[in-house]
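Peer 1: Okay, predicted coordinates and the sequence, questions at the end:
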Amino acid sequence: MTNMMTAVGFQEHLPIEADDSLMAVELPVPVAQGHDILVAVQAISVNPVDVGVRGGHGTLKQPKVIGWDAVGVVQTVGEQVTLFQPGDRVYYAGDFKRPGSNSQYQLVDERLVGLAPAKLNNAQAAAMPLTTLTAWEALFEKMQLTMNPTDNQGQTILIINGAGGVGSIAIQLAKLAGLTVIATASRPETSAWVKQQGADIVLNHREDLVSAWRAQKQGKYVDMILGLSNLDAHWDEIADLIKPDGRIVSITENRQPIDLQRLTKKRASFAWEWMFSKAYYQTDNMSSQHQILTQAAQLFDQGVLKSTLTKTLSPMTVANLKLAHQLVESHHMIGKVVITK
Ligand SMILES: NC(=O)c1ccc[n+]([C@@H]2O[C@H](COP(=O)([O-])OP(=O)(O)OC[C@H]3O[C@@H](n4cnc5c(N)ncnc54)[C@H](OP(=O)(O)O)[C@@H]3O)[C@@H](O)[C@H]2O)c1
């Protein structure tokens, strides 16, 4: 292994069309210490967080390498590592604060990593860590659901933005848990995709969701709502549709104040999910991401969960990363886009 590696990063926050919105950089290969493993990255995916961090204005002192999804092979391990050894094929989303996966080699804390699903190829596996962690934590930690279908029989969940990366795997997980899934999609191709992921009912989020749900004649309210897009625009519908004692989780932030008072009489609960929280705050339960990715890998290998990969680009160049950013920026993604080595 050489001392230097190539990566793709940016030093100026520029529109993706600009020449230097993303650029090749040469960096020293980092050294694994403590709980870190050094991974030779084989495939990555692009998420809205990449687009968000790259966007904005201004110039950085040093190039920043982003990317929060990877599959790769462990090269070396820190002295405190117990979960992995060199040669292991792993997958992970990683840490918001650290250099990302758009790089030949990357350091990642073993507690955020799982062995990659053996039956998925690199592209199929790289599509999954960030969105699976998000959907899993939202459903099984923040909504406190169990995965046992008999516990959840007859319960309904509305998933707003069913066809995106998170929605696609959230539909599969909610079905696995025995819920009746109402997913939203606004185009024929996204409606078809959410049905393919297992949605029982599809509503159009460009129309009023309250009247669309009530027109189904399946009850006035839904038991749970998972908000995966534009909380400001959907808040009033969420507050109207949630059942008394219902649970709402959102993964997207509001830009305007949201009126929590709308939930008072219904005693409904509201929680945020941010899949980076555990690493960001180095929480005691950080290794739960290792456990989730391990359990998810088993479900992928059993064919119970399916990769939501829809587009693969190759090789891992500046041009292909720009293309992937453009696709995600379009807000029209169905499932996931991956770039392989
Ligand atoms: N908190 C966290 O940990 C976390 C983790 C991952 C993602 N996120 C955030 O969650 C959001 C979703 O992420 P993602 O990766 O699933 O996104 P994505 O893949 O980019 O989502 C694309 C989908 O969004 C749908 N959409 C567009 N406008 C919508 C609207 N107004 N209402 C409902 N759906 C709409 C589109 O469906 P149609 O074409 O059918 O309209 C499209 O298929 C992003 O804002 C992302 O930053 C947060």
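Peer 2: Nice, I can see it.

Peer 1: So which residues on the stretch 51-200 of the chain come close to the ligand?
Peer 2: Within the stretch 51-200 of the chain, the positions adjacent to the ligand are 134, 160-161, 163-167, 184-187, 190 by C-beta under 6 Å from any ligand atom. For the C-beta atoms, the positions are set from N, CA and C on the backbone; glycine is no exception.

Peer 1: Now flag whichever of the residues you listed is closest to the ligand.
Peer 2: The shortest distance between the ligand and any of those, using C-beta to the nearest ligand atom, involves G164 and amounts to 2.4 Å.

Peer 1: these two touch, right, that closest one and S229?
Peer 2: Yes. With contacts counted by C-beta atoms under 8 Å, G164 reaches S229, the gap being 7.1 Å.

Peer 1: out of those two, which sits in the more crowded spot?
Peer 2: Each of G164 and S229 had its neighbours counted (other C-beta atoms under 10 Å), and the higher figure belongs to G164 (27 against 20).

Peer 1: okay but M23 is in contact with F10, surely?
Peer 2: Yes. Here M23 lies in contact with F10, judged by C-beta under 8 Å, at a distance of 6.6 Å.

Peer 1: residues shared between the contacts of these two?
Peer 2: Between them, M23 and F10 have P63 as joint contacts when contacts are counted by C-beta atoms under 8 Å, 6 or more residues apart in numbering.

Peer 1: Which one's more surrounded, these two?
Peer 2: Taking neighbours as other C-beta under 10 Å, M23 and F10 compare with F10 leading, 24 against 15.

Peer 1: how far away is the closest residue to N47 other than its chain neighbours from A279?
Peer 2: Distances taken as C-beta to C-beta, 6 or more residues apart in numbering place L130 nearest to N47, at 5.4 Å, with adjacent residues excluded. When C-beta to C-beta, to the nearest Å is applied, the distance between L130 and A279 equals 12 Å.

Peer 1: now swap in D36 and tell me
Peer 2: D36 sits 12 Å away from A279, taking C-beta to C-beta as the criterion.

Peer 1: ok so, going back, out of the residues of the stretch 51-200 of the chain next to the ligand, which are buried?
Peer 2: Among these, those scoring as buried are T134, I160, N161, A163, G164, G165, V166, G167, T184, A185, T190 (criterion: 16 or more other C-beta atoms under 10 Å).

Peer 1: a markdown table for the residues of the stretch 51-200 of the chain next to the ligand, including distance to A70 and secondary structure?
Peer 2: Written out in a markdown table, the entries for those read as follows (distance: C-beta to C-beta, whole Å; DSSP: H, G, I helix; E, B strand; the rest coil):
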| residue | distance to A70 | secondary structure |
| --- | --- | --- |
| T134 | 16 | helix |
| I160 | 28 | strand |
| N161 | 24 | coil |
| A163 | 24 | coil |
| G164 | 20 | coil |
| G165 | 15 | helix |
| V166 | 18 | helix |
| G167 | 22 | helix |
| T184 | 30 | strand |
| A185 | 28 | coil |
| S186 | 31 | coil |
| R187 | 30 | coil |
| T190 | 27 | helix |
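
Peer 1: which two in those residues are spaced the farthest apart?
Peer 2: The span of those, defined through C-beta to C-beta, is set by T134 and R187 at 22.7 Å.

Peer 1: On the three-state scheme, the residue nearest to S287 when sequence neighbours are not counted is what?
Peer 2: Ranked by C-beta to C-beta, 6+ apart and with sequence neighbours excluded, the top spatial neighbour of S287 is R111, at 4.0 Å. Secondary structure for R111, judged by DSSP: H, G, I helix; E, B strand; the rest coil, is helix.

Peer 1: and V73, that's in a strand?
Peer 2: Yes. V73 forms part of a strand when assessed by three-state DSSP.

Peer 1: Test for you: state the pLDDT assigned to the most centrally placed residue in the chain.
Peer 2: Among the residues of the chain, the smallest C-alpha distance to the mean C-alpha position (C-alpha atoms, centre = their mean) belongs to T131, namely 2.2 Å. With respect to pLDDT, T131 has a value of 98.

Peer 1: residues in contact with the residue in the stretch 1-150 of the chain positioned nearest to the ligand?
Peer 2: Per C-beta to the nearest ligand atom, the residue of the stretch 1-150 of the chain with the smallest distance to the ligand is P48, at 3.4 Å. Taking C-beta under 8 Å, 6+ apart as the criterion, P48 is in contact with V328.

Peer 1: hmm, back to that, shouldn't the residue nearest to S287 be in contact with Q289?
Peer 2: Yes. Between R111 and Q289 there is a contact at 6.7 Å, judged by C-beta under 8 Å.

Peer 1: between the two, which one's more packed in?
Peer 2: The neighbour count for R111 versus Q289, taken as other C-beta under 10 Å, is higher for Q289 (25 against 19).

Peer 1: Fine, thanks again, bye for now.
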